[in-house]
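Trainee: Quick one, structure for this:
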Amino acid sequence: MELDYTYGVARIRALESSLFDDDTITALLQCQNYDECMNFLRDKGWGDGSMEQSPDEMLREEKEKTWQILKELVEDHDAIEILSMKDEFHNLKAAIKQVCTADETKDLFYTHCRLEPEYLKNCIRQGEYNLLPDDMQEAAKEATETLLKTGSGQLCDVIIDKATLQAMKKAGEKSENGLIKKYADSQVMIADIKIAVRCAATGKDSQFAEKCLVSCHGISVAELASAVDSGIEGVCSYLESVGFADAVAALKKSKSVFECWCDNWIIEDIKPEKYNSFSVGPIVAYVIARENEIKTVKIILSGKLNGFDNEFIRERVRVMYA
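Mentor: Numbers count the residues shown, from 1 in each chain. Coordinates of the predicted model:
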């Protein structure tokens, strides 16, 4: 039976008032330059208030603040494991590549994950895949052996990315919370659509696509993979036939608009949690909203820093949860 999160939700309701809404994002976008944007964010309480703090440091701090709140409000990690899965598997991927290529690049790993980077790397070095979580073991072994044999980072990515989606799907299926079930399936579905688009755009065939896709509600993996053989037009035709004409319209505008549609679809899907007061759902929704907010701020800062005009940046700005 799902726990009562009345206290946690009450605190989240207070924190939601500080989330950026669409008007705040527009105000940030209208700042004249990068420095003005950074001052705007500092005034909103982002970062440590230091003028010397870099944007990456500021965004990393905001992410860590969010995860600290999550740890304080939810003691049962299994209840919210789906939120960290992408980052956990990202760290696994980074560990495999560092071990197999002797790459020692710093700052590749997320710090809020349960498995420490050195632990992951030691498991890979020693071939002790059985010491990894069940949903990582087979993928870690296959990805490591594939990278060592072929030198292909892309094939390594395909293996780990599919394992990530499978783990998310499994977490959704076993969860007692309706939002987590819906979020897991939505994540898999959106990922499948993006994979099919990417495969079609890069000339991959249906056999390659099938190796990447994971079954979910809303679309047929077999039909989506088959559509890849007809290129972007084939994928678009299939998406239109199953009710995703808005995704096709976004894709026809630009890749950036399509990526926005993908993220916005998830945010719109979780907004009903604002009216739920007793489950872990609103807490999960808040974390998703914060991740989306941080991602959007990063896009704006990057655009300002590189001198892009507001219209170019606006095309990439996500819809807010608040």
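
Trainee: Provide a list of residue ranges in the stretch 1-150 of the chain with pLDDT below threshold.
Mentor: 1-4 (pLDDT under 70).

Trainee: if you set the cut-off to 80 instead, what comes out?
Mentor: Across the stretch 1-150 of the chain, the ranges flagged by pLDDT under 80 are 1-4, 75-79, 102-107.

Trainee: The stretch 201-322 of the chain now?
Mentor: Judged by pLDDT under 80, the stretch 201-322 of the chain has its weakly predicted residues at 274-278.

Trainee: Just the helices from it, written as ranges.
Mentor: Using DSSP state H, counting those that start in this stretch, the helices found in the stretch 201-322 of the chain span residues 206-212, 221-228, 231-241, 245-253, 255-270, 281-305, 310-314.

Trainee: do you know which of those lies nearest His90?
Mentor: Between His90 and those, the shortest gap by C-beta to C-beta is with helix 281-305, which sits at 13.2 Å. Yep, even glycine has a C-beta here, placed from its N, CA and C like the rest.

Trainee: just the angle between that closest one and helix 255-270, please?
Mentor: Here helix 281-305 points in a direction 160 degrees away from that of helix 255-270 (axes from the mean of the first three to the mean of the last three C-alpha atoms, to 10 degrees).

Trainee: could you say what helices and strands helix 281-305 packs with?
Mentor: Contacts defined by 3 or more C-beta pairs under 8 Å, 6 or more residues apart in numbering; DSSP states H and E place helix 281-305 against helix 6-16, helix 22-29, helix 34-43, helix 55-73, helix 178-201, helix 255-270, helix 310-314.

Trainee: Mind putting the helices of the stretch 201-322 of the chain into a markdown table with mean neighbour count and distance to Glu36?
Mentor: Formatted as a markdown table, the helices of the stretch 201-322 of the chain follow (neighbours: other C-beta atoms under 10 Å; distance: least, C-beta to C-beta, whole Å):
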| stretch | mean neighbour count | distance to Glu36 |
| --- | --- | --- |
| helix 206-212 | 17 | 42 |
| helix 221-228 | 20 | 44 |
| helix 231-241 | 17 | 39 |
| helix 245-253 | 16 | 29 |
| helix 255-270 | 17 | 23 |
| helix 281-305 | 21 | 8 |
| helix 310-314 | 14 | 13 |
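
Trainee: Could you export those as CSV, including distance to Asp48?
Mentor: Listed next are the helices of the stretch 201-322 of the chain as CSV, based on distance: least, C-beta to C-beta, whole Å:
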stretch, distance to Asp48
helix 206-212, 40
helix 221-228, 45
helix 231-241, 44
helix 245-253, 37
helix 255-270, 27
helix 281-305, 15
helix 310-314, 25
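
Trainee: Select, out of those helices, the one closest to Arg125.
Mentor: Closest of the helices of the stretch 201-322 of the chain to Arg125 is helix 206-212, at 26.9 Å (criterion: C-beta to C-beta).

Trainee: Could you export the closest one as CSV, CA atoms only?
Mentor: Coordinates of the C-alpha atoms in helix 206-212 are reproduced here as CSV (Å, rounded to 0.1, in the frame of the first residue of the first chain):
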residue,chain,number,x,y,z
SER,A,206,14.2,-1.3,-39.2
GLN,A,207,16.5,-4.0,-37.9
PHE,A,208,18.7,-1.5,-36.2
ALA,A,209,15.7,0.4,-34.9
GLU,A,210,14.2,-2.8,-33.4
LYS,A,211,17.4,-3.3,-31.4
CYS,A,212,16.9,0.1,-29.8
